[in-house]
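*Asks:* Quick one, fold the following:
(2 chains)
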Amino acid sequence: MRNRIALIALAAVLVLGLCWWWKAAHGGALVVYCAHDAIYAEKILRDFEKRTGTPLVIRFDTEATKSLGLAELLIREKDAPRCDVFWNNEQLGMLDLQERGILQPYQGPGYARIPAKYKAPDGSWTGFAARLRVVIFNTAKIGTTPPNLIGLLPGTDMSRIAIAKPLYGTTLTHYTLLWHQWGAQKLQGWHSDWRGGGVKELNGNAAVKDAVADGACFAGFTDTDDYFEAKDDGRPVAMTPVRLDDGKTICIPNTVAIIRGARHTRSARKLVDFLLSEETELALASSKSRQIPLGPVPAERLPAEVRDLAPLAGEGADLNSLGAARAECLAWLKSLYAP
Amino acid sequence: MSRVAEIALRAVNGIALQTTMALGRALFIALLALAVSAPLNHWLLAQRGRLRVLAWGLTLAPFFTPPLLVSYALSKFAMALLVSTWGHEALYISVLALKLIPVAVVLRALLPSSLSAEAWHAYRLLPGASWWRTAQFRLRAAGHGPWIVGGLVFLLAFTDFELASLWSIKTWTMRVFDAQVGGYTLGATLQLAAWPFGVQLCVLTAIALARREIPGTHEEDGPPAGWLHWAYPAVSATLVCLVPLLIVAGQALAGIPSLLENFVLGQELGASVAFALVAAAAATAIALFARPSSMATLFLVAPGLFGALIVSLLLLALFQLPLLRALYDTPLPLGLALTLLLLPLAFLLGALWLRPSPALHIARQVGSRRCVWELATRPRVIAGGILFCWAYFDFTASSILAPNGFTPVFVRLHNLAHYGQTAVLSAMMLAAFATPILVLLLTGTTLRLYARGNGR
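*Replies:* Numbering: from 1, shown residues only, chains lettered A, B, ... in the order given. Below is the predicted model of the structure:
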């Protein structure tokens, strides 16, 4: 018995010692939470690391099986943050974090080059490199005429239409805008009709893209970066931007912010300025995801597809005033999906 | 009824409905596992020599194939079934059943029926026994074993999260996850999960009440080893393990040169191996030192049976408490979670292989190092290896609890998998799948050489 207790005590001391060593050894790196796709973001972040010599520790989110959402993790870690910089792939989540007092304002040279529409007035967060919400459709199944998904009548068979679960990501932004424009009752009725019609609710926009590209579904809502994935793979797909009732498009920027209580503020500011630079926006525009720059960039350095998308991004609805609509819409969605 | 009221009603019924669906699936899988495992277990125990190793290997292969590999390889097939609700559901139930039937087979080996061949023969000689009376007799004579086997398989099927989330299956674990992502507090989420918790607690209580002394490895003569008996293990291993592996390997051939040119997975593979080693060692040690058949064993095993999602969320909340916060961003929370998740399997393997036996006692008395190696050391190494693989393939706990900068490989692969199948990603999958096999082969070879060198 004594031997057993001694062994347990020894193991506990060893574990605690290892934890202490771990904390000490990893304390110097800048911690970045990144909700943008790893395949595009990592190259840019490693480039920053190489140039500045600032070691980065990156935590990515996952879309297909979704790890605990990074924004949710930041809320939980509010009292003892371990993240320095949050690179989010959408804007409304940042508004929520800003309201909760989790973000630390910073207005550097990067902030200055981004138009006011895409940033917080106090510098809590700044947007960059956007993508558009689009209807993706399979041209081999329904031809090249873009379908009008929003206008489908109740009772229509929707089993060949796909949408991501609207609880998170850019689908939540889409729903929030509809909530704001239509009001609660119309959106709830529309959503009910869709579910009643057998719409396929999938895990994320990439799954929607796959379903349409494979022909399992004929059309669906996704983002431009996912659409270009399918197009580059030579799949029979086309897209048309989603238009709201007032004719506006849905343009969703990446956003970046420093976390309040960050341990490496100087390095964090450097990274934020790097991400908001012309160079990073051009790199993201030239990547396979074809993100649309929000700050001024030389047009001749943009790929042709991004040049075509840029005017559509300019027609994007204003997302800055949607904090309350998001909260109400999310509360309703939670009552549906996680009552 | 107004449309809004309809939605509200559906919301209230949502978790109950999904719990009921999960319950139905788990019941079906448990019953199927009970039916299939009985003849399979007899046949497996009748095998000898290398055929026995092959038979067990084929039977257990589906259990150790990571869900990500299966879902990634079969993604196109699953996508084709998307439009048919039942087709998608059928695929999920089939794969989950094929993965869990091996658990029932192993449990059957531990909990043999108390009905001997002689007793069964004597019963059959009795005149006028109807099929109903025969079924009643068999059920009574079987004792608690089948209930325990069925109960444990039920719990594993009922708490599945990873495969369900990969194939967008509607189940209560997905609802709990959505609640967490949607910003529910842990308390509210646990309240949401009250129904499924209730179901799990009932089953766990039933298992605890049915618990009995485990009689040790049970060997009896089975049916003759005809080719037909090989059909089940061969088909299940082919469908769940071999086909996905061949699909991935075929695609990986083109991607291997690119991967070797820029090998980016080193750190993640290292993290996976390190966590798996520590958790396997800890779980093996606990299974060895804990007193068998005590209530303490049940308390050690119970958390793991609640599934990776619940265990991880609880530990996340625990390490956010002021007293433990200093240990939060360290490997401890994930190491602890993996150990807890491994304990049910560790105790199972412990009961199979790690208990002292009269033969081992005699071997120690006479100082036969070779016999001690065969009877004690070797089984422990094999048990440790199995636990290592199980921990290595974890995704759910790793994605929630991994410390910054030390993320296991399957979290990264999950992240990349949603871009669809590519040659480089398939090569990464293959590398992630091959690593534990390589580690085990190296360890096995080293130990064998060591044993030979010491004349064992």
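
*Asks:* Now do the helix or strand where B:Trp195 lies, average pLDDT.
*Replies:* Using DSSP states H and E, B:Trp195 maps to helix B:194-210. What helix B:194-210 shows for mean pLDDT is 81.

*Asks:* same question, stretch A:74-82
*Replies:* For stretch A:74-82, mean pLDDT is 86.

*Asks:* Quick one: distance of it to the chain centre.
*Replies:* 20 Å (CA atoms, centre = their mean, to the nearest Å).

*Asks:* For it, which residues meet the burial criterion?
*Replies:* A:Leu74, A:Arg76, A:Glu77, A:Pro81, A:Arg82 (16 or more other CB atoms under 10 Å in any protein chain shown). C-beta here means a position set from N, CA and C on the backbone, and glycine is covered the same way.

*Asks:* Of the residues you listed, which is the nearest to B:Val203?
*Replies:* A:Arg76 (30.7 Å; CB to CB).

*Asks:* got the buried residues for the helix holding B:Trp195?
*Replies:* Counting neighbours by 16+ other CB under 10 Å, one finds that the buried residues in helix B:194-210 are B:Trp195, B:Pro196, B:Phe197, B:Val199, B:Gln200, B:Val203, B:Leu204, B:Ala206, B:Ile207.

*Asks:* So what touches it?
*Replies:* Contact with helix B:194-210 is made by B:15-16, B:19, B:22-23, B:144, B:147-148, B:151-152, B:154-155, B:158-159, B:172-173, B:176, B:190, B:295, B:298, B:302, B:305-306, as judged by CB atoms under 8 Å, 6 or more residues apart in numbering or on different chains.

*Asks:* Now, of the residues you listed, which are buried?
*Replies:* Neighbour counting with 16+ other CB under 10 Å marks B:15, B:19, B:22-23, B:144, B:147-148, B:151-152, B:154-155, B:158-159, B:172-173, B:176, B:190, B:298, B:302, B:305-306 as buried within the contacts of helix B:194-210.

*Asks:* isn't A:Cys329 right next to A:His174, touching?
*Replies:* No: using CB atoms under 8 Å, A:Cys329 is not in contact with A:His174, being 10.1 Å away.

*Asks:* In terms of packing, which of these two has more residues around it?
*Replies:* Neighbours per residue, other CB atoms under 10 Å in any protein chain shown: of A:Cys329 and A:His174, the larger number sits with A:Cys329, 24 against 20.

*Asks:* Please determine how far the more buried one is located from chain B.
*Replies:* Using CB to the nearest CB, to the nearest Å, one gets 11 Å for the distance from A:Cys329 to chain B.

*Asks:* Look up which helix or strand that residue falls in, please.
*Replies:* helix A:323-337.

*Asks:* from the chain's centre, how far out does that helix sit?
*Replies:* How far helix A:323-337 lies from its chain's middle: 18 Å, per CA atoms, centre = their mean.

*Asks:* Give me the buried positions along that helix.
*Replies:* Within helix A:323-337, the residues that count as buried by 16+ other CB under 10 Å are A:Ala325, A:Arg326, A:Ala327, A:Cys329, A:Leu330, A:Trp332, A:Leu333, A:Lys334, A:Ser335, A:Leu336, A:Tyr337.

*Asks:* So which of the residues you listed is the closest to A:Lys43?
*Replies:* Lowest distance from A:Lys43 to those (CB to CB) belongs to A:Arg326, with 30.9 Å.

*Asks:* Was I right to think that closest one contacts A:Met94?
*Replies:* No: A:Arg326 lies out of contact with A:Met94 (CB under 8 Å); the separation is 10.8 Å.

*Asks:* State the pLDDT value of the residue in the stretch 251-400 of chain B positioned nearest to chain A.
*Replies:* Using CB to the nearest CB, the closest approach of the stretch 251-400 of chain B to chain A is made by B:Ser399 at 3.6 Å. We have a pLDDT of 85 for B:Ser399.

*Asks:* For stretch A:24-33, give me every contacting residue.
*Replies:* Stretch A:24-33 has contacts (CB under 8 Å, 6+ apart) with A:45, A:54-59, A:61, A:70, A:73-74, A:82-87, A:263-264, A:267-268, A:271, B:329, B:403-405.

*Asks:* at 6 Å instead, please
*Replies:* A:54-59, A:70, A:82-86, A:264, A:267, B:404-405 (CB atoms under 6 Å, 6 or more residues apart in numbering or on different chains).

*Asks:* Check which helices and strands the helix or strand containing the residue of the stretch 251-400 of chain B closest to chain A sits against.
*Replies:* Counting by DSSP H and E, the element that carries B:Ser399 is helix B:396-401. With contacts taken as 3 or more CB pairs under 6 Å, 6 or more residues apart in numbering or on different chains; DSSP states H and E, helix B:396-401 sits against helix B:308-318, helix B:332-349.

*Asks:* helix or strand right after that helix?
*Replies:* That would be, after helix B:396-401 and using DSSP H and E, helix B:409-417.

*Asks:* quick check: mean pLDDT across that following helix?
*Replies:* On average, helix B:409-417 scores 83.

*Asks:* again, but for stretch A:102-121
*Replies:* Mean predicted confidence for stretch A:102-121 is 95.

*Asks:* Same question for stretch B:299-306.
*Replies:* 84.

*Asks:* same deal with stretch B:43-52?
*Replies:* Averaging pLDDT along stretch B:43-52 yields 82.

*Asks:* what's the straight distance from one end of it to the other?
*Replies:* Separation of the first and last residues of stretch B:43-52 by CA to CA, to the nearest Å is 10 Å.

*Asks:* Just the buried positions in it, please.
*Replies:* By neighbour count with 16+ other CB under 10 Å, stretch B:43-52 contains the buried residues B:Trp43, B:Leu44, B:Leu45, B:Ala46, B:Gln47.

*Asks:* Relative to the whole chain's centre, how far out is that stretch?
*Replies:* Worked out by CA atoms, centre = their mean, stretch B:43-52 lies 23 Å from the chain centre.
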